[in-house]
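> Just to be clear, the model below is a prediction. Sequence and coordinates:
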Amino acid sequence: MTNPYSNLPETAFWKTGVAQLDSLDIDLSWQPKFPITRSTSIITVGSCFAQHISTALKKNGFNWLDSEPAPPELPSDAHEKNNYGVFSFRTGNIYTAALLKQWIDWALGEEPDQEFFQEGERFFDPFRPSLNEHGFATHEEMQAGRRITLAAIRSAVQQANLFIFTLGLTEAWVNRNGVVYPMCPGTVRGVFSPHDHQFHNYDYSEIVDDLNAVFDALRQLNPTLQFLLTVSPVPLTATASGEHVLTATCHSKSVLRAAAGALAKTRADTDYFPSYEIITAAPFKGQFFEANLRSVKPEGVSFVMRQFLKGIGVAQTAAPAPRRQVTEPLTENEICDDIILDSWNQSSRSDSKLVLIGDSHMGWMGKMLAEQGIEYAGGGTMNASDWHAERFDLSKELLFLPQDPEQKQQWESTFQSSFAKHRDQPLFVITNLGFQRNQAYNGFWAGYIPHVYGANFTGTVGAEILYSYLVHIRKKHTNVIYRMLAMGHTVLVVSDPPIDTEQLKAPFFLLDNMLLDYFKSIGCLTYSARDWIEGLGGMPQDFLADELIHGSEEYYRQLTRQVVAEFNIGVQSVQPNPLARFRSSGRPTSIQSSSEK
């Protein structure tokens, strides 16, 4: 006897399609509804995960449309920060179908909302709050910038063959007129008003209706345009629904997946690609997520693209994902507005007497302290480039004040929960302030030496020259540390990972040790990551990351354990061991000039 299941392929059964396979051999057998080739003109837009799709398409030689390229005068390292080359046009992240509809309505002739956020003398677009790092000089300049983007949307749609939209969230905030924000006012930019701003969690029918309206409108402009929907596998950073964030994430992604599936079934011009399932399904056991269980690893993106490319019959040109993953601390660059919501987590504003102040290295130490159950305040309070460029003011009330609004909010929160709360009690501060060694070293040779000694300097740089550089050029950094010491706090300076190219090994060796000697001379405790690594016989392979700035997650885990043990940092006590002192080793006393390197 036969039945409908008798002749189904192996992929139709859980046992043969999933359970009996290695997870990396699972093939979801996706086949596109319509032809997609490398000559297909493709628009990408949507949530954070859509940025990975854009990058993967470009790496694999597809015709990805960039209808709003960066101006030639803008340095390449500032492109992503200003939202150039992230999506096909500069809308920033579009998390909801409602926000997509709003942008398309504006692009096709509806009058855009006139609202703006103002901070000091700078203007910011409420619907692209992270667009420009420093905002716009005038409201008209902001509106003119938006008009350029609306024109870019129209231009891209007229040229495109395929429109890929990655759905990210069901939750959003709207104003009293129903205008949709990408982020709740008062988080990234603006001021929140309970009277003017309302929470809305879009349901299945609203999402389907909005997407149908968008696709119909775009087909009016370009009758041959086709659509590919995906759902972001990235969980919610936070929820305002009143539910636990885990159940809110399950609800949101389930609704989005159902809506995407419905449109793919009911519209001949719309397809669905299962990137959500590839990353989050149970057989993959979370292996494609970083340690925070939220960020998708590069090899996860590569695995998704392998299935996409196989489905459309195009060979992959980028390197395939490894068979077995190695823990990596960083994903590919990703601009996610909603990550800022983490800084509003009240439980993260610890009132501990242990405080971390520095860049991303301190951020990683903070994660490892939390892993050990040790409470702390602060962490990565500012990025390395802003520390190095001294983009902070010496505030009498707050020790220092970052100029970047997001960093300013984070530092003010840290200061209030630590320095202000324990005003008359000593704190234990761990910092790498003043290191930022890659940028400090380049600034030393490219800036300080030519300015003081002339562009053709070929002499030997000794201790006195480096000390002069530290005292005179990096005095804003040392001023912050001086003031913490003067307030009676203990300051422990931890050096950055000793990850050197052969050419820079000797100069960095000197720079690291001179910095530590300098901070010790003004009353700080010091810990040399270089001496620790040399004691291990060199940098273990599992301590290395893919780039020459950070160590791996395991590096920061073991470094933090070393610091905790040596300075008696515990859950109940942050007082250092007064006998703990830094072990010195033979150190060079000079380095050659740049022309001799």
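On my side now, so go ahead.

> Could you check how many residues crowd around the closest residue to residue 405 other than its chain neighbours?
Leaving out its chain neighbours, the residue that sits closest to residue 405 by C-beta to C-beta, 6 or more residues apart in numbering is residue 119, at 6.3 Å. The way it works is simple: take the backbone N, C-alpha and C, and place the C-beta from them, glycine included. Residue neighbour count, defined by other C-beta atoms under 10 Å, stands at 14 for residue 119.

> same question, the one 3 residues further on
Number of residues near residue 122 (other C-beta under 10 Å) recorded here: 16.

> same thing with residue 454?
Counted with other C-beta under 10 Å, the neighbours of residue 454 add up to 9.

> can you check residue 525 too?
Residues within reach of residue 525, counting by other C-beta under 10 Å, total 22.

> how would you label the nearest residue to it once chain neighbours are set aside: helix, strand or coil?
The shortest distance from residue 525 to any residue that is not its chain neighbour, by C-beta to C-beta, 6+ apart, is 4.3 Å, and that residue is residue 492. Assigned state for residue 492: strand (three-state reduction, DSSP: H, G, I helix; E, B strand; the rest coil).

> now that we're looking at residue 492, how far away is residue 482 from it?
When C-beta to C-beta, to the nearest Å is applied, the distance between residue 492 and residue 482 equals 15 Å.

> what's the nearest residue to residue 185 once chain neighbours are set aside in contact with, if anything?
Counting by C-beta to C-beta, 6+ apart, the nearest residue to residue 185 once its immediate chain neighbours are dropped is residue 192, at 5.0 Å. When the contact criterion is C-beta atoms under 8 Å, 6 or more residues apart in numbering, the partners of residue 192 are 184-186.

> Over to residue 54?
Contacts were defined as C-beta under 8 Å, 6+ apart; by that measure residue 54 touches 44, 64, 86-88.

> Equivalent analysis for residue 191, please.
With contacts defined as C-beta under 8 Å, 6+ apart, residue 191 is in contact with 117, 185.

> And the pLDDT at it?
Looking at residue 191, its pLDDT stands at 87.

> Let's verify it: helix, strand, or coil?
coil.

> Distance-wise, check it relative to residue 509.
The spacing between residue 191 and residue 509, counted by C-beta to C-beta, is 49 Å.

> and what of residue 270?
The gap separating residue 270 from residue 509 is 59 Å, by C-beta to C-beta.

> neighbour count winner among the two?
A direct count of neighbours by other C-beta under 10 Å for residue 270 and residue 509 places residue 270 higher, at 22 against 18.

> So what does the more buried one have for phi and psi?
Dihedral angles of residue 270 (phi, psi; degrees, to the nearest 10) stand at phi -130, psi 140.

> Residue 561 reaches residue 372, doesn't it?
Yes - Residue 561 is within contact range of residue 372, at 7.4 Å (criterion: C-beta atoms under 8 Å).

> shouldn't the residue nearest to residue 405 be in contact with residue 189?
Yes - between residue 119 and residue 189 there is a contact under C-beta under 8 Å: 7.1 Å.

> So for the two, which residues contact both of them?
Common neighbours of residue 119 and residue 189 are listed as residue 405 (criterion: C-beta under 8 Å, 6+ apart).

> which one of the contacts of residue 192 sits closest to residue 303?
residue 184 (33.0 Å; C-beta to C-beta).

> Now do the same contact list for the closest one.
Contact analysis of residue 184 by C-beta under 8 Å, 6+ apart lists 173, 192, 197, 199, 240.

> Surely it is in a strand?
No - counting by three-state DSSP, residue 184 falls outside a strand, being coil.

> how far away is it from residue 177?
Taking C-beta to C-beta as the measure, residue 184 falls 16 Å from residue 177.

> just residue 265 next, same as before
According to C-beta to C-beta, residue 265 stands 34 Å off from residue 177.

> One more: residue 67?
Counting by C-beta to C-beta, the separation of residue 67 from residue 177 is 29 Å.

> more neighbours, the two?
Legend: neighbour count by other C-beta under 10 Å for residue 67 and residue 177, higher for residue 67 (20 against 8).

> for the more buried one, helix, strand, or coil?
Local secondary structure at residue 67 is given as coil here, using three-state DSSP.

> quick one, what contacts it?
When contacts are counted by C-beta under 8 Å, 6+ apart, residue 67 touches 88-89, 152-153, 155-156, 159.

> what would the residues you listed look like in CSV with distance to residue 217?
Written out in CSV, the entries for the contacts of residue 67 read as follows (distance: C-beta to C-beta, whole Å):
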residue, distance to residue 217
88, 17
89, 16
152, 17
153, 11
155, 16
156, 14
159, 17
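
> Just the closest of these to residue 535, please.
Nearest member of those to residue 535, counting by C-beta to C-beta, is residue 88, at 51.0 Å.

> how close does that closest one sit to residue 156?
The gap separating residue 88 from residue 156 is 5 Å, by C-beta to C-beta.

> Would you mind listing the residues touching both of those two?
Common contacts of residue 88 and residue 156, defined by C-beta under 8 Å, 6+ apart, comprise 43, 65, 67.

> chain center to stretch 183-199: distance?
Using C-alpha atoms, centre = their mean, to the nearest Å, the distance from the centre of stretch 183-199 to the centre of the chain it belongs to is 22 Å.

> Alpha carbons only: can I get it in PDB?
As requested, C-alpha coordinates have been extracted for stretch 183-199 and formatted as PDB (Å, rounded to 0.1, in the frame of the first residue of the first chain):
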ATOM      1  CA  MET A 183      14.400  53.500  17.700                       C
ATOM      2  CA  CYS A 184      12.500  54.800  20.800                       C
ATOM      3  CA  PRO A 185      13.200  58.500  21.200                       C
ATOM      4  CA  GLY A 186      15.600  59.100  24.200                       C
ATOM      5  CA  THR A 187      17.700  56.000  23.500                       C
ATOM      6  CA  VAL A 188      20.000  56.900  20.600                       C
ATOM      7  CA  ARG A 189      18.800  60.500  20.100                       C
ATOM      8  CA  GLY A 190      16.000  62.800  21.200                       C
ATOM      9  CA  VAL A 191      14.000  63.000  24.400                       C
ATOM     10  CA  PHE A 192      11.300  60.500  25.300                       C
ATOM     11  CA  SER A 193       7.800  61.800  26.100                       C
ATOM     12  CA  PRO A 194       5.100  59.400  27.500                       C
ATOM     13  CA  HIS A 195       2.600  61.900  26.100                       C
ATOM     14  CA  ASP A 196       4.000  61.900  22.600                       C
ATOM     15  CA  HIS A 197       5.500  58.500  22.100                       C
ATOM     16  CA  GLN A 198       3.700  55.200  22.200                       C
ATOM     17  CA  PHE A 199       4.800  51.600  22.000                       C
END
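
> Which positions within that stretch qualify as buried?
Along stretch 183-199, the positions that meet the burial threshold by neighbour count (16 or more other C-beta atoms under 10 Å) are 183-185, 187-190, 197.

> ditto for stretch 11-23
Neighbour count says stretch 11-23 has residue 17 buried, by 16+ other C-beta under 10 Å.

> same thing with stretch 211-222?
Judged by neighbour count using 16+ other C-beta under 10 Å, the buried positions of stretch 211-222 are 211-212, 214-215, 217-219, 222.

> Can you add pLDDT and give the residues you listed back as TSV?
As requested, the buried residues of stretch 211-222 are exported to TSV (pLDDT from 0 to 100):
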residue	pLDDT
211	98
212	98
214	98
215	98
217	97
218	98
219	97
222	97
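
> Just give me the closest of the residues you listed to residue 111.
The closest of these to residue 111 turns out to be residue 217 (C-beta to C-beta; 15.7 Å).

> tell me which element that closest one is part of?
In this structure, residue 217 is located in helix 204-221 according to DSSP states H and E.

> which helices and strands does that helix pack with?
Helix 204-221 is packed against helix 97-107, helix 139-159, strand 162-167, helix 245-266, with contacts defined by 3 or more C-beta pairs under 8 Å, 6 or more residues apart in numbering; DSSP states H and E.

> Mind checking those for the one nearest to residue 26?
Of all those, the one in closest proximity to residue 26, counting by C-beta to C-beta, is helix 245-266 (18.1 Å).

> then stretch 124-135 to PDB, C-alphas only?
Provided in PDB are the C-alpha atoms of stretch 124-135 (Å, rounded to 0.1, in the frame of the first residue of the first chain):
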ATOM      1  CA  PHE A 124      19.600  64.900  14.000                       C
ATOM      2  CA  ASP A 125      17.100  62.900  11.900                       C
ATOM      3  CA  PRO A 126      14.600  61.000  14.200                       C
ATOM      4  CA  PHE A 127      14.200  58.400  11.400                       C
ATOM      5  CA  ARG A 128      17.900  57.900  10.900                       C
ATOM      6  CA  PRO A 129      19.300  58.700  14.400                       C
ATOM      7  CA  SER A 130      22.800  57.200  13.700                       C
ATOM      8  CA  LEU A 131      23.100  58.600  10.200                       C
ATOM      9  CA  ASN A 132      25.800  61.200  10.800                       C
ATOM     10  CA  GLU A 133      28.200  61.000  13.800                       C
ATOM     11  CA  HIS A 134      27.900  64.700  14.500                       C
ATOM     12  CA  GLY A 135      24.400  65.400  13.000                       C
END
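
> Cool, thanks, signing off.
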